[in-house]
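Chemist: Mind looking at a prediction? Sequence and model below.
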Amino acid sequence: MHEQLLMTKGARRRSRLAALFGHSVLAAVASSSIIALLFIFYFIVKDAVPFFRFEGVREFFGSVRWYPSREEAEFGALAIFIGSALVTIGASVVAVPLGVLAALCLSDILPFSVRQIVKPVIEMLAAIPSVVYGFFALVVFAPLLQSHGGSLLAAGAIVVLLPFALVGSAIAGNAAGARAPEASRRAVRVGAGLAVGALFAAGLAALAGALGRLTVGSGTNALNASIILGVMALPTVVSVSEDALVAVGRDLREGSYALGATRVETLLRVVVPAAKSGILAAVILGVMRAIGETMVVWMASGNAAKVPEPWFNLLEPVRTLTATIAGDMGEADHVYGSSRYHVLFAMALCLLAVAFVMNLLSELAVRRLRRGRT
Amino acid sequence: MHARINLAEQPARPPRGGNAAAGARTLIAAREFSVFYGSKAAVDKASLDIPAGFVTAIIGPSGCGKSTFLRAINRMNDLIPGCSATGGLSLDGQEIYAPEVDVVALRKMIGMVFQKPNPFPKSIFDNVAFGPRIHGTGDRSSLGEIVERSLRRAALWDEVKDRLGDNALGLSGGQQQRLCIARAIAVNPRILLMDEPASALDPRSTARIEDLIGELRGDYTIVIVTHNMQQAARVSDMTAYFYEGRLIEFGDTGEVFTKPKEKHTEDYITGRFG
């Protein structure tokens, strides 16, 4: 009877060896990604350090004179940093509000059957190769922007700002109504909402008019890249924030409705705050996508390594870090070991640093939220 | 603005037992009231009178429609696509499903406590202040008063008074449920609906919730859904027994549990099925 329960010595050794083998295989697989990251970091630093040693730091970060192929080469990358920042901010302005609002719409407003169709379609945007986006930006969007820039901008501004205007007037109406006596509450609510809405509409019309008079010099510019990048980042933002919003769960929503909250109050005061760490993660992921994207900005941004006039003018061509690395690598190949070669690694190191810092920030934010500080 | 539901004075802490509840003023009246999910009737032509100021328990096996009936009273079922109601369900004479009823005002008047404690991921203070805030109470001092009063009423004040700023999710399950009761009380409802409020709690927390129901009795009209028959017997004045969507028996709790009129009720409460 006993013998059936006991293992022989050999079987015990075999099972221990098998367990050890399993553990080590899994550990190796798990650590390989970390090792890969460390290797990337090591090789980028190794090739970036000579640049800073020969050319110094000040010119790289402080000058806008980017003439890497001259006899007396100059490596002032400030304009390129500004270009990257401009395009990233532009893309975020497109992707974040649209993405978060679309996620809210998907999670709480559209009926379930519609959501089942819309979400996969939005996620399909992520499956389109970036070179296709770039091609579209170059062949379709750039000429359109060049010929009808102003009216296109006006229409875009209306599309982007209209939801805010609507939500804003709804909130204003609600807030005004909440203070009114019960008998006239609905009237006050509607009245205040309409008044604020009219104000928004007037502002929007003025803005659209001003934008409509603009002319666009070149279709490949920071705006083109921003919009296309924004659309590219959209599925990430929508998908991740929708997951976060859905994860808030029915019970919290019902708890809010049961206290007599309206849908707007439930969404803005319960659902969105409860999902804010997930929404933040979605935003950071979207921004990261925009910073790191190469193909689209290379094709759509115009690649002029100069600071726009004025610096926030999105209608001028810019050049980004990623596009510079991709574009110059082919030429810099011939001068392996030169400053022109090493400067690209310096840029890569900067990109890596930004990515690292953003990840750290999101991690900190999520952790702080999780610890339950409200 | 719309037909306002007028709730007259309710009796102060009525005596337990002795059929007191059966003769009391009716607050919620169901007449041939049905709720459908699609074409399936979850509540099938139920008629009963819930007395003001007493505790009414709704019992029955899983899927018998008891929660659906409860959620019909504050129209929480409106949130479920494909859910519809027919027949009459009135609150102090006003039809709850009439088109001119303001659902927000209705829900403000009818607090609800759910099966699983569902505090918002906010501070304890903000949880209780949530309702008053959305209904327009802005200033800090009156909010503070409401929060303290509600937490005291829910027998939670002494445990949390020094950490009102802490996240509510840090509380134990039983404390969270009492917080949810405080949150419901804070908007000054006349009715409390409780959907198996203790089924996710341990026995000690359950006992505290039951004690609390005893203390709230009289000030609020309480309708509690429970699958725990002992609990129904302990806390309620009236008991309704639902089976497969139909109301089988409704009457004084003592009578329903000791000498039920229906054989079916007897089989259920003696544990022959369910």
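Modeler: Yep, that arrived.

Chemist: So is stretch A:184-202 next to chain B?
Modeler: Yes: Stretch A:184-202 comes into contact with chain B (C-beta under 8 Å from any C-beta of the partner chain), by way of A:184-186. In short, each C-beta sits where N, CA and C put it, glycine included.

Chemist: In those, which residue is surrounded by the most others?
Modeler: Among those, the one with the most neighbours (other C-beta atoms under 10 Å in any protein chain shown) is A:R185, at 20 neighbours.

Chemist: Helix or strand: which one has that one?
Modeler: Here A:R185 sits within helix A:185-212, counting by DSSP states H and E.

Chemist: Show me what that helix is packed against.
Modeler: When contacts are defined as 3 or more C-beta pairs under 8 Å, 6 or more residues apart in numbering or on different chains; DSSP states H and E, helix A:185-212 packs onto helix A:142-179.

Chemist: List the buried residues in the helix it packs on.
Modeler: A:142, A:145-146, A:149-150, A:152-154, A:157-158, A:161, A:165, A:168-170, A:172-174, A:176-178 (16 or more other C-beta atoms under 10 Å in any protein chain shown).

Chemist: which residues sit in contact with A:Y133?
Modeler: A:228, A:231-232, A:295-296 (C-beta atoms under 8 Å, 6 or more residues apart in numbering or on different chains).

Chemist: Mind doing that once more with 6 Å?
Modeler: A:228, A:232, A:296 (C-beta atoms under 6 Å, 6 or more residues apart in numbering or on different chains).

Chemist: do A:L78 as well
Modeler: Contacts of A:L78 (C-beta under 6 Å, 6+ apart): A:63-64.

Chemist: gap between it and chain B?
Modeler: Applying C-beta to the nearest C-beta, to the nearest Å, the value for A:L78 to chain B is 43 Å.

Chemist: Also A:A28?
Modeler: For A:A28 relative to chain B (C-beta to the nearest C-beta), the value is 38 Å.

Chemist: any idea of the mean pLDDT for the host helix or strand of that residue?
Modeler: Assigned by DSSP H and E, A:A28 belongs to helix A:9-55. Predicted confidence along helix A:9-55 averages 91 (mean pLDDT).

Chemist: Downstream of that helix, the next helix or strand is which one?
Modeler: helix A:58-62.

Chemist: State the paired neighbours of whichever helix or strand comes after that following helix in the sheet, together with their directions.
Modeler: The first helix or strand that comes after helix A:58-62 along the chain, using DSSP H and E, is strand A:66-67. Counting by DSSP bridges, the strands paired with strand A:66-67 are strand A:74-75 (antiparallel).

Chemist: now the very next helix or strand once past the partner strand and helix A:142-179, what's the angle there?
Modeler: Next helix or strand after strand A:74-75 toward the C-terminus (DSSP H and E): helix A:78-104. Angle, helix A:78-104 to helix A:142-179, by axes from the mean of the first three to the mean of the last three C-alpha atoms, to 10 degrees: 50 degrees.

Chemist: Give the buried residues for helix A:78-104.
Modeler: Buried residues in helix A:78-104 (16+ other C-beta under 10 Å): A:78-92, A:94-104.

Chemist: Also stretch A:318-326?
Modeler: Buried-residue list, stretch A:318-326, by 16+ other C-beta under 10 Å: A:318-325.

Chemist: How about stretch B:267-274?
Modeler: Buried-residue list, stretch B:267-274, by 16+ other C-beta under 10 Å: B:268-269.

Chemist: what is the mean pLDDT for that stretch?
Modeler: Averaging pLDDT along stretch B:267-274 gives 80.

Chemist: Contacts made by it with the rest, please.
Modeler: In contact with stretch B:267-274 (C-beta under 6 Å, 6+ apart) are residues B:61, B:229.

Chemist: what does stretch A:170-187 give?
Modeler: Contacts for stretch A:170-187 (C-beta under 6 Å, 6+ apart): A:188-189, A:192-193, A:196, A:264, B:1, B:136.

Chemist: Between which two of these is the distance greatest?
Modeler: Based on C-beta to C-beta, the longest span within those runs between A:V196 and B:M1 and measures 21.5 Å.

Chemist: Quick check on the two: which one has the bigger neighbour count.
Modeler: Just comparing A:V196 and B:M1: by other C-beta under 10 Å the higher neighbour count belongs to A:V196, 19 against 13.

Chemist: from memory that one sits against A:S169, does it?
Modeler: Yes: shown here, A:V196 and A:S169 form a contact pair, counting by C-beta atoms under 6 Å, at 4.3 Å.

Chemist: where does the stretch 51-200 of chain B come near chain A, residue by residue?
Modeler: For the stretch 51-200 of chain B, the contact set with chain A under C-beta under 6 Å from any C-beta of the partner chain comprises B:104, B:107-108, B:112, B:116, B:118, B:120-123, B:131, B:134, B:136, B:167, B:187.

Chemist: Among those, which are located in strands?
Modeler: Within these, residues falling in strands by DSSP state E are B:M112.

Chemist: least confident pick among the residues of the stretch 51-200 of chain B next to chain A?
Modeler: The member of these with the lowest pLDDT is B:G136, at 82.

Chemist: for that one, phi and psi?
Modeler: phi 100, psi 0 (degrees, to the nearest 10).

Chemist: Looking at stretch B:226-239 now, give me its mean pLDDT.
Modeler: Mean predicted confidence for stretch B:226-239 is 90.

Chemist: List the buried residues of it.
Modeler: Quick answer for stretch B:226-239 (16+ other C-beta under 10 Å): B:226-229, B:231-239.

Chemist: Tell me which two of the residues you listed sit farthest apart.
Modeler: So, those by C-beta to C-beta: farthest apart are B:H227 and B:D237, at 19.0 Å.

Chemist: Now do the same contact list for the spatially most central residue of chain B.
Modeler: When C-alpha atoms, centre = their mean is applied to chain B, the residue found nearest the centroid is B:L193 (1.3 Å). Residues near B:L193 by C-beta under 6 Å, 6+ apart: B:70, B:73, B:112, B:223.

Chemist: for B:I59, same thing?
Modeler: Applying C-beta under 6 Å, 6+ apart, the residues contacting B:I59 are B:229, B:232, B:241.

Chemist: Closest to chain A out of those?
Modeler: B:A232 (22.1 Å; C-beta to the nearest C-beta).

Chemist: So the closest one, which state does it fall into?
Modeler: At B:A232 the chain is in helix, as set by DSSP: H, G, I helix; E, B strand; the rest coil.

Chemist: Kindly tell me how buried the nearest residue to it once chain neighbours are set aside is, as a neighbour count.
Modeler: Leaving aside its sequence neighbours, B:A232 sits nearest to B:A57 (C-beta to C-beta, 6 or more residues apart in numbering or on different chains; 3.8 Å). By the criterion of other C-beta under 10 Å, B:A57 has 27 neighbours.

Chemist: Does B:A57 belong to a helix, a strand or coil?
Modeler: strand.

Chemist: Wait, it touches B:A233, no?
Modeler: No: at 8.2 Å, B:A57 does not count as touching B:A233 under the criterion of C-beta under 6 Å.

Chemist: and stretch A:69-84, how far apart are its ends?
Modeler: Start-to-end span of stretch A:69-84 (C-alpha to C-alpha, to the nearest Å) is 21 Å.

Chemist: quick check: mean pLDDT across it?
Modeler: 85.

Chemist: Relative to chain A, which of the contacts of B:L193 is nearest.
Modeler: B:M112 (3.8 Å).

Chemist: which regions of chain A sit below the pLDDT cut-off?
Modeler: A:1, A:178-179, A:332-336, A:368-374 (pLDDT under 70).

Chemist: which residues in chain B form helices?
Modeler: In chain B, the helices defined using DSSP state H lie at B:66-73, B:103-109, B:124-134, B:140-153, B:157-160, B:173-185, B:203-216, B:229-235, B:253-258, B:263-269.

Chemist: can you pull the buried residues of the second one?
Modeler: With burial defined by 16+ other C-beta under 10 Å, the residues of helix B:103-109 counted as buried are B:104-109.
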